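Enquirer: next come a sequence and a model predicted from it.
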Amino acid sequence: MKRLIAATAALLLAAGLPAPAQEFPTRQINMIVVFAPGGATDVLARIAADHMSRTLGRSVVVENVSGAGGTIGGGRGAQAAPDGYTLTVGSLGSHSAAPSIYRNIAYDPRELQPIGLIAGTPLYFVVRNGFPARNMTEFLAHVRENPGRVTNGHAGIGSTNHLACALFAHVAGVQFNNIPYRGEGPAVNDIVAQQVDSACVLAPAAVPQIQAGTMRGLLIAATSRSADVPSAVEAGLPDYIFQGWNAIFAPRGTPQPVVARLDAALRAALADPAIRQRIEGLGSIPAAPDQQGPEALSRLVRAEVERWATVVRAAGIEPQ
C-alpha cells in the first residue's frame, strides 16, 4: 500500500498538479448568485449550473445572496476559500461598475479569478399594464409632464438595471422616482403586480413576461427589434444602446488546474445546442467561442471597469 501511495504521489508531482486539483471536484460546488431569484443573473446561472453539474459529476447548487447591487454576494464569493468549491455569478453592475459606485466594496473584480462569460443580455424598457402611455413617445411626454412622479424600479444601486435606468434618464432627459429592490426578480414582480410604473429589465426576465402579456415592452436597447418590441432607433432614442452580461468567477488564487476544469465544464454547456437554445429563447446571446474562457473574461472585466467609471461620473451617480 505504501508503494502505491508513493507511486501515486510521484505521478502527481511529475504532472505538476496537486492531488486536490487532480481529484476536483470531490463534493458539491456552491454557486453564489448575487441577486434575488427570478432575475436574469439567477436564470442564466441556473441554466449553466445544471449542465455543469452533469459534466463535473457533482452537484452545482445555486445560492442567492442579494443586496447592495450584488456586492454583498460578490464579497462573500471573493472571500471564500480558493479551492473551486465556491463560485460567483456576477453581472456588468456587480463586477465592473461596482468599484465606481461603492466606496467600501470588499473586492476588486479585476483581481478575481475569471472562469468564463455565460451570455450577453439585451435590455428592455418596460411599463406595467394599465400605464397610460402606449409607446415611448407617449411615455416620455407623460414623464416630462410629471417629473419625479413616475416610479422606476431597478435591482439596487450599482446593479446593471440601475445603470441602464440612469443611462436612459440621461439620454432621454427625464426624471424618475427611483425605487431600488434587492434584485431584478422582485422589481419584475412589482411591475407585474402593477405596483411600480416602469423598469429596465434584462432579457431573461423581460421576454417571458412580455410574451405572456403581464407587462409591456416599450423598447429594446438595441439597433433591431426583438420579441416584437421596437428597437431604440424605432422608439426615437438611437443613442440608448445597452447590453448587460453575466459571468462566472472564482476567488483569487484558485489553482489553475481547477480553473481549467471549471472552464471546460462551462464551455461544454455553451456548446450544447439545447443550452444555447434555452439561452436564446430568453432573448440572451450565448457567449461565442472567442468570448469564452478566463482570459477573454479578464479582458472584458478590465475594459468594463474603466468604461463604467467614465459613465458613472458622466451620469452624476454619487458613490455610496
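Expert: Thanks, I have the structure now.
Enquirer: what's the burial count for Gln170?
Expert: Heads up, residue 170 is His, not Gln. Using other CB atoms under 10 Å, His170 has 16 other residues around it. (C-beta placed from N, C-alpha, C; glycine too.)
Enquirer: any idea which helix or strand comes after the helix or strand harbouring it?
Expert: Following DSSP states H and E, one finds His170 within helix 160-172. Beyond helix 160-172 in the direction of the C-terminus, DSSP H and E gives the next helix or strand as strand 177-180.
Enquirer: other residues contacting the helix or strand following that following strand?
Expert: Using DSSP H and E, the helix or strand that follows strand 177-180 towards the C-terminus is helix 184-192. Identification of contacts with helix 184-192 by CB atoms under 8 Å, 6 or more residues apart in numbering yields 35-42, 126-128, 153-155, 159, 161, 179, 181, 196, 198-199, 201-202, 205-206, 209, 214-215.
Enquirer: helix 184-192 versus helix 160-172: what angle between them?
Expert: Using axes from the mean of the first three to the mean of the last three CA atoms, to 10 degrees, the interaxial angle of helix 184-192 with respect to helix 160-172 works out to 60 degrees.
Enquirer: mind listing what's buried along helix 184-192?
Expert: Buried residues in helix 184-192, counting neighbours by 16 or more other CB atoms under 10 Å, are found at Glu184, Gly185, Pro186, Ala187, Val188, Asn189, Asp190, Ile191, Val192.
Enquirer: need those residues in CSV (columns: pLDDT).
Expert: As requested, those are arranged in CSV below (pLDDT from 0 to 100):
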residue, pLDDT
Glu184, 93
Gly185, 93
Pro186, 94
Ala187, 95
Val188, 96
Asn189, 96
Asp190, 97
Ile191, 97
Val192, 97
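Enquirer: in what helix or strand does the residue lying closest to Ile179 once chain neighbours are set aside lie?
Expert: Taking CB to CB, 6 or more residues apart in numbering as the measure, Ile179 lies nearest to Gly153, with 4.9 Å between them; neighbours along the chain are not counted. With secondary structure defined by DSSP H and E, Gly153 is part of strand 151-154.
Enquirer: that strand packs against which elements?
Expert: helix 160-172, strand 177-180, helix 184-192, strand 198-202 (3 or more CB pairs under 8 Å, 6 or more residues apart in numbering; DSSP states H and E).
Enquirer: next, the distance between the ends of stretch 128-144.
Expert: Counting by CA to CA, to the nearest Å, you get 18 Å between the two ends of stretch 128-144.
Enquirer: secondary structure element for Leu87?
Expert: Assignment of secondary structure by DSSP H and E places Leu87 within strand 86-91.
Enquirer: longest strand in the protein, please.
Expert: strand 113-128 (DSSP state E).
Enquirer: average model confidence for that strand?
Expert: Taken as a whole, strand 113-128 has a mean pLDDT of 97.
Enquirer: got a list of what the nearest residue in space to Arg58 that is not next to it in sequence touches?
Expert: The shortest distance from Arg58 to any residue other than its chain neighbours is 4.4 Å, reached at Pro25 (CB to CB, 6+ apart). Shown here is Pro25, whose contacts under the criterion CB under 8 Å, 6+ apart are Leu56, Gly57, Arg58, Gly84, Tyr85, Arg261.
Enquirer: top of those residues by number of neighbours, please.
Expert: Tallying neighbours with other CB under 10 Å puts Gly84 at the head of the contacts of Pro25, with 24 neighbours.
Enquirer: how would you label it: helix, strand or coil?
Expert: Assigned state for Gly84: coil (three-state reduction, DSSP: H, G, I helix; E, B strand; the rest coil).
Enquirer: residue contacts, it?
Expert: Taking CB under 8 Å, 6+ apart as the test, what Gly84 contacts is Phe24, Pro25, Ile29, Ala250, Thr254, Pro255, Val258, Val259, Arg261, Leu262.
Enquirer: now, these that are in strands?
Expert: Where the contacts of Gly84 overlap with strands, as defined by DSSP E, the overlap consists of Ile29, Ala250.
Enquirer: circling back to that earlier point, partner strands of the longest strand of the chain, with direction?
Expert: Pairing partners of strand 113-128, with direction, according to DSSP bridges: strand 198-202 (antiparallel), strand 215-220 (antiparallel), strand 243-250 (antiparallel), strand 285-286 (antiparallel).
Enquirer: how about those, which one is nearest Ala314?
Expert: With CB to CB as the criterion, Ala314 lies closest to strand 198-202 of these, at 17.5 Å.
Enquirer: which residues touch stretch 280-297?
Expert: Outside stretch 280-297, the residues that touch it by CB under 8 Å, 6+ apart are 40, 43-44, 113-122, 124, 202-204, 206-208, 226-227, 243, 247, 259, 263, 266-267, 270, 275-276, 279, 300.
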